Structures are given as C-alpha cells and as structure tokens.
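Asks: please work out how this folds:
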Amino acid sequence: MPDSSRLITLLTDFGLEDHFVGVMKGVIAGIAPRARVVDITHEVQPFQVGQARYLLGESWRYFPARTIHVVVVDPGVGSERRGLLVEAGGQVFIGPDNGVLSDVLALPKAKVRELANRKLWLAKVSATFHGRDVFAPVAAHLAAGVTPAKAGKLITDARRLPVPAPVRTGKRFWTGEVLHVDRFGNLITNLAAAEFPELGRRRVVLKVGYELIEGLSPSYASAAPGAVVAVLGSGGTIEIAINQGRADRKLGVGAGSPVDLELV
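Replies: Numbers count the residues shown, from 1 in each chain. Predicted coordinates for the structure are as follows:
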C-alpha cells in the first residue's frame, strides 16, 4: 500500500516574494494531499546551479529514507535540457539535467531516469515554469504511489559538474576555494577536515584575499567581536568568519575565491 504521507523537499532560487513556491505546493497538494512538504531553501542566488548543488549536498542526508527532493535552479528552462529523476542513497531526487544533481549522481548504485512520461506532468506545460508543470507533479505522483520506473527510461549520460577539490601547490601548501557564502557572510570552503588529518597536529595558516589567519578556533565566539576567525564548520570544512560580522564584505571575497592553506 503506498505511503501517501511521504516527505517532499523543495530547494529553489524562486525566493518568497512571488507566487512560485506556493503554486508548486498547491500542485503537490492537488495530487498527493497527504504528502508532507519541507522547504530546504528558496533563497539560492538566481541561476546559481553550483550553490544549489552545495546546499542539497549539505541537506539531503538528514532526511528519512524515501524522501523525494525537488531541486529547481534552472537557467535552461524551456530549452532542450532534460528533467531527471535519480534514485540514490535510499532517496529520490528530481530536477533539471544541468549539473545540480552531480553529487547524488556519483553515489553508489545511482539509477538515473529521464523525465519523459508526460502523463505525470500537468496537462499544459509552460516554457518558463517547469517547477510547477513538471517537477512538482512528478514528485507528487511518486508520493501518491507511482513508481520511479513510470517516470521514464534509464539513462547514463546525465550532466555532471566537476568536483571542486583543493589543489596541492607545494609540500605544505594547498589552494582551495570558497564554495558558499551563507546569510551571515561566513565563507565556507572546500578544505575538508577529512582530507587533512594533520589539522589536529600542525599549525594552520590560511590566506583569504589579503587576510592571513593563523590557527583554527573552536568556535566563532573564540575571537573578539569584529575579528576574523577560521573554524571547522558543521559540514566538516574550514569556514572563514567574522565574529558578529560579515567576512565576505570585510575581505572582499565570495564564492569561487581562492583560499590558500599552509600546514606549518
């Protein structure tokens, strides 16, 4: 018997000023009225596929098995780009084939389908709002008991964006980058603690913009208000922050900016 109270998450760049998010929820309610809907965020910067990819990667593992994740950051809407359904990690992911699902595509035993069954879409599909007309209704039909196999055929050529990994530039030197700037102005990097076991044994020196930061602090509040601090964030990567301030503005850097790491 289908679980009609299945969980659906939404992650978009639609913001909350317009009707887009509410309409997607209305479509879901009309097809699967008992489905539960959780907003991950709708504040992705417009068209920033990489940011949406990062936020999905930081979120999906904290949801129960069989959750359906709908990701709509879609600068190619209305073009020939495909829609995808990915079964991976015990969950389901729905979104455009533009690289936003790259990380889940790389999970073991991921099954990828092209969204091709128009019976699961709204009857009239616009060229500008596939979140409403394609992605939301497919998610709702899955929540109502339709199997993923009904969405379309399996494919093997979904688009994948490269993984932004730190580059070793010397015996004790690496260059990473800022992956994301959160709403507090914290600079979240791709310098992951798991990749640098020496972090606990050797002194760390970071260079971000023109700022040199020595050592990792246990928390944001370890520094005086207004001071720059480097910490290990909740996602397991190094973050550059300003206690009660915005590191992005003070340091003049943002997503994609280089971050140099030295282990002394």
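Asks: Lys250 - that's part of a helix, no?
Replies: Yes. Assigned with DSSP: H, G, I helix; E, B strand; the rest coil, Lys250 falls within a helix.
Asks: for it, grab the count of nearby residues.
Replies: A total of 15 residues lie near Lys250 under the criterion other CB atoms under 10 Å. In short, each C-beta sits where N, CA and C put it, glycine included.
Asks: for the residue nearest to it when sequence neighbours are not counted, list each beta-bridge partner.
Replies: The shortest distance from Lys250 to any non-neighbouring residue, by CB to CB, 6 or more residues apart in numbering, is to Ile242 (5.8 Å). Legend: beta-bridge partners of Ile242 under DSSP bridges are Val228, Gly245.
Asks: which ones are touching Ile242?
Replies: Contacts for Ile242 were tallied using CB atoms under 8 Å, 6 or more residues apart in numbering; they are Gly185, Ala223, Gly226, Ala227, Val228, Val229, Lys250.
Asks: can you tell me how far it sits from Leu187?
Replies: 10 Å (CB to CB, to the nearest Å).
Asks: and the helices in the stretch 101-250 of the chain?
Replies: Per DSSP state H, counting those that start in this stretch, the stretch 101-250 of the chain carries helices over the ranges 102-105, 130, 136-143, 247-251.
Asks: coming back round to it: which one of the contacts of Ile242 sits closest to Ala143?
Replies: Gly185 (36.8 Å; CB to CB).
Asks: what residues are up against that closest one?
Replies: Counted by CB under 8 Å, 6+ apart, Gly185 has contacts Ala241, Ile242, Gly245, Arg246, Ala247, Asp248, Arg249.
Asks: coming back round to it: in ChimeraX, how would I select just the buried ones from the contacts of Ile242?
Replies: Command for ChimeraX that selects the buried part of the contacts of Ile242, burial taken from 16 or more other CB atoms under 10 Å:
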select :185,223,228,229
